[in-house]
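>>> sequence plus predicted model, see below.
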Amino acid sequence: LTGVSLFKSFCLGADVANAARSFLFSLGCIQALKCNTNTCPTGITTSDPELEWGLDPMTKQVRVAAFHKKTVHVATEVMEAAGVKSWSEIHPALFVKRTGIGRSRDYREIFEHLQVKQGELIEGTGPKRLVEAWDLNDGIINRVV
């Protein structure tokens with residue numbers, strides 16, 4: 001997760017953005033792929049006292065907080081560059097992608113199928129694929145209105 005990827009996610013319509021991997025990196029994760037073995041060499045994903053020493057909460061908390069602060073700061077700078085003052089003002093047309101030599105398109109043009117008017121998914125009148133994905137009465141989750 002970066003400030004730019006956070007902004008991009010909101011341009012695509014996300015209400016929330018979560019991050020795990022980037023915060024593990026800020027803790028010092030080296031991607032040893034030992035997370036589920038209790039043998040993480042950095043001490044992040046272990047309860048083995050021999051390895052836990054690598055995770056010093058007093059120093060790591062400073063790194064994690066600095067990473068989070070900088071990520072939010074960069075996202076805010078991107079918002080300011082786009083001319084918006086609130087997350088609620090972000091929309092797909094604010095993010096532009098190069099689609100070829102000398103050509104670019106904004107996300108509104110690239111992801112036309114994401115253009116949903118307020119209430120369309122609830123009413124079942126939006127794009128078919130999104131309406132089907134939105135269907136909360138699918139036997140797995142029952143929505144109470």
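Received the coordinates, thanks.

>>> G124 - nearest residue in space that isn't next to it in sequence?
V131 (5.3 Å; CB to CB, 6 or more residues apart in numbering). C-beta: built from backbone N, CA, C; applies to glycine.

>>> which residue is nearest the middle of this protein?
A17 (3.6 Å; CA atoms, centre = their mean).

>>> now do the buried residues in stretch 108-116.
Buried residues in stretch 108-116, counted by 16 or more other CB atoms under 10 Å: 108, 110.

>>> repeat for stretch 77-96
Under 16+ other CB under 10 Å, the buried positions of stretch 77-96 are 78-79, 82, 84, 90-92, 94-95.

>>> what's the helix ranked longest in the chain packed up against?
Taking DSSP state H as the criterion, the chain has its longest helix at helix 57-82. Under the contact criterion of 3 or more CB pairs under 8 Å, 6 or more residues apart in numbering; DSSP states H and E, helix 57-82 touches helix 3-11, helix 21-27.
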